[in-house]
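Novice: okay, sequence plus prediction incoming.
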Amino acid sequence: MRKIILICGLLLHMVVASSASAISQSISASAAAPAFDYDQALAVSQSALGNELDNHAFIDTDGNRLTLDQLRGKPLVVSMVFTSCYQICPMTTRHLSKMVEKARKALGEDSFNVVVIGFDTAVDTPDAMRFFAAKQGVSDKGWRLLSTNEQTIAALSEDLGFQFYPSSNGFDHLIQATVIDAEGKVYRQVYGQVFDTPLLVDPLIELVLGRSPPEQPLLANLVDKIKLFCTTYDPVRDGYYFDYSLFLGMLIGGSIILFAGTIVVRGWHRS
């Protein structure tokens with residue numbers, strides 16, 4: 001009987017010691033892991049403005065290779081997600097989808113590109129990205145959902161000013177959508193799961209309509225300038241529309257100036 005009690009006591013001691021060791025290792029690992037700091041992450045994100053993205057390579061949901069150079073020539077909206085996220089990334093993607101639709105209505109369907117990149121490289125495979133796209137309702141919207149390796153994610157994250165850290169919820173990270181200009185430079189950062197429409201659409205309007213490539217004809221350039229000036233945001237409808245009254249006002253004002261100038265020139269010739 002005494003031997004049985006001794007053996008049980010020895011086993012209990014081993015279990016307690018093993019549990020204490022596991023807890024100690026867990027605490028040590030937690031202490032060693034970097035903690036997410038919102039202010040610091042925001043500062044890093046803002047410091048990325050003006051960065052030019054390298055020609056990073058990805059795999060799309062069809063298994064095809066795609067590089068960022070292939071997306072140059074148009075503005076680009078980049079969203080970083082991890083597909084195992086059950087709330088924040090899905091909500092962010094669905095809201096981004098609504099904002100992209102508003103931007104396309106104002107600027108045209110092919111005026112800019114959208115990519116969603118999975119940064120959890122062990123999980124965010126092309127199949128996982130395809131499932132994520134279907135679940136968030138963006139499969140048929142012309143978005144590109146991309147996977148890549150750990151080294152590329154590290155380099156791309158540095159270019160974008162995007163930080164993420166493993167946590168009990170999967171990852172802690174700043175929720176941001178990055179607007180890239182046609183030359184591949186970081187133009188604007190947009191933050192939050194839900195954000196006001198102009199925060200994303202206004203920089204896209206500036207890039208699509210406000211900057212003309214050298215080969216663009218003078219007339220097309222003039223039309224873009226008029227569209228830029230007359231495209232107005234309506235907060236009631238939460239959408240953009242072409243304000244014809246501004247255009248008519250410009251025409252009327254120009255006509256008055258031209259008419260007045262003609263009278264002055266004729267009077268000067270007579271005198």
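Specialist: Perfect, thanks for sending it.

Novice: what residues does stretch 189-197 touch?
Specialist: 42, 45-46, 48-49, 88, 91-92, 95, 99, 102, 161, 174-179, 199-200, 203, 233, 238-240 (CB atoms under 8 Å, 6 or more residues apart in numbering). (Glycine included, C-beta is placed from N, CA and C.)

Novice: just the ones in helices from these, please.
Specialist: Among the contacts of stretch 189-197, DSSP state H puts 42, 45-46, 88, 91-92, 95, 99, 102, 199-200, 203 in helices.

Novice: can you select the buried ones among those for me in PyMOL?
Specialist: Buried members of those, defined by 16 or more other CB atoms under 10 Å, are picked up in PyMOL with:
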select buried, resi 42+45+88+92+95+99+102+199+200+203
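
Novice: where does pLDDT dip in the stretch 101-250 of the chain?
Specialist: When residues are selected by pLDDT under 70, those of the stretch 101-250 of the chain lie in 211-250.

Novice: what segments of it are helices?
Specialist: Taking DSSP state H, counting those that start in this stretch, the helices of the stretch 101-250 of the chain run over residues 126-136, 150-160, 197-210, 218-230, 244-270.

Novice: show me what contacts the closest residue to S47 other than its chain neighbours?
Specialist: Of all residues not flanking S47 in the chain, G161 sits nearest, at 6.0 Å (CB to CB, 6 or more residues apart in numbering). G161 is in contact with 44-49, 51, 178, 186, 189, counting by CB under 8 Å, 6+ apart.

Novice: at 10 Å instead, please
Specialist: Going by CB atoms under 10 Å, 6 or more residues apart in numbering, G161 touches 41-49, 51, 174, 176, 178, 186, 189.

Novice: centroid residue for the chain?
Specialist: Residue closest to the mean C-alpha point of the chain, counted by CA atoms, centre = their mean, is A177 at 2.3 Å.

Novice: was I right to think that one contacts A103?
Specialist: No. Under the criterion of CB atoms under 10 Å, A177 makes no contact with A103, lying 11.4 Å away.

Novice: find residues that contact each of these two.
Specialist: Contacts common to A177 and A103, judged by CB under 10 Å, 6+ apart, are 77, 114, 200.

Novice: take these and lay them out in a markdown table including distance to G108.
Specialist: Converted to a markdown table, those look like this (distance: CB to CB, whole Å):
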| residue | distance to G108 |
| --- | --- |
| V77 | 15 |
| V114 | 14 |
| L200 | 16 |
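
Novice: hmm, back to that, dump the ones in helices among the contacts of stretch 189-197 to a markdown table, plus distance to H56.
Specialist: Shown next, in a markdown table, are the ones in helices among the contacts of stretch 189-197 (distance: CB to CB, whole Å):
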| residue | distance to H56 |
| --- | --- |
| L42 | 23 |
| S45 | 18 |
| Q46 | 21 |
| I88 | 24 |
| M91 | 26 |
| T92 | 21 |
| H95 | 25 |
| M99 | 24 |
| K102 | 28 |
| L199 | 25 |
| L200 | 22 |
| P203 | 22 |
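
Novice: can you show me the CA trace of stretch 149-161 as CSV?
Specialist: Presented in CSV, the C-alpha positions along stretch 149-161 are these (Å, rounded to 0.1, in the frame of the first residue of the first chain):
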residue,chain,number,x,y,z
ASN,A,149,6.2,32.9,-50.1
GLU,A,150,7.4,34.2,-46.8
GLN,A,151,10.3,36.1,-48.2
THR,A,152,8.1,38.0,-50.7
ILE,A,153,5.6,38.9,-48.0
ALA,A,154,8.4,40.3,-45.8
ALA,A,155,9.7,42.4,-48.6
LEU,A,156,6.3,43.6,-49.8
SER,A,157,5.2,44.4,-46.2
GLU,A,158,8.3,46.6,-45.9
ASP,A,159,7.4,48.4,-49.2
LEU,A,160,3.8,49.0,-48.0
GLY,A,161,4.6,49.9,-44.4
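
Novice: and it, which residues are buried?
Specialist: Quick answer for stretch 149-161 (16+ other CB under 10 Å): 152-153, 156-157, 159-161.

Novice: so which of the helices of the stretch 101-250 of the chain is nearest P166?
Specialist: helix 150-160 (12.8 Å; CB to CB).
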